[in-house]
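Novice: one predicted model, sequence on top.
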Amino acid sequence: LMTRFLMNQTTYTLDAVLSKLSCPILLLWGELDPWVDPAKANKIMDFYPNSSLVTLPAGHCPHDEVPELANEALVNWLSSLKVDMLPQTV
């Protein structure tokens, strides 16, 4: 999703992409990100209320910089999802 957005910024706006989603999303955000200000996460959450934010003591790539904390946040978020929120498989 993000790759498609970044590759086609003139075609896809973040608002347009998010408006097509219906699933919950987790934003793992580095507090020290030098490129994308953490305030951007709040704008995403305002536009897409079905999102959760976890800020981590890291830069732009918290999954690389603090993988244990990123994994813990991901596991906690996944375990908080309700079954009816998950896609159904046949």
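Specialist: Yes, it's here.
Novice: any regions of this structure where pLDDT drops low?
Specialist: Applying pLDDT under 70 to the chain flags the ranges 1-12, 84-90.
Novice: strands along that one, start to end?
Specialist: 25-30, 51-56 (DSSP state E).
Novice: which stretches in the chain count as helices?
Specialist: 2-7, 14-19, 39-47, 62-65, 67-80 (DSSP state H).
Novice: pull the distance from the second one to the chain's centre.
Specialist: Mean-position distance between helix 14-19 and its chain equals 13 Å (CA atoms, centre = their mean, to the nearest Å).
Novice: in this structure, which residue is most central in space?
Specialist: For the chain, residue 27 is the residue whose C-alpha lies nearest the centre (CA atoms, centre = their mean; 2.7 Å).
Novice: distance check, that residue against residue 83.
Specialist: Noted for residue 27: a distance of 22 Å to residue 83, by CB to CB, to the nearest Å. (Glycine included, C-beta is placed from N, CA and C.)
Novice: quick check: closest non-adjacent residue to residue 18.
Specialist: Distance criterion CB to CB, 6 or more residues apart in numbering; nearest residue to residue 18, sequence neighbours excluded, is residue 48 at 4.6 Å.
Novice: swap in residue 70?
Specialist: Leaving aside its sequence neighbours, residue 70 sits nearest to residue 63 (CB to CB, 6+ apart; 4.5 Å).
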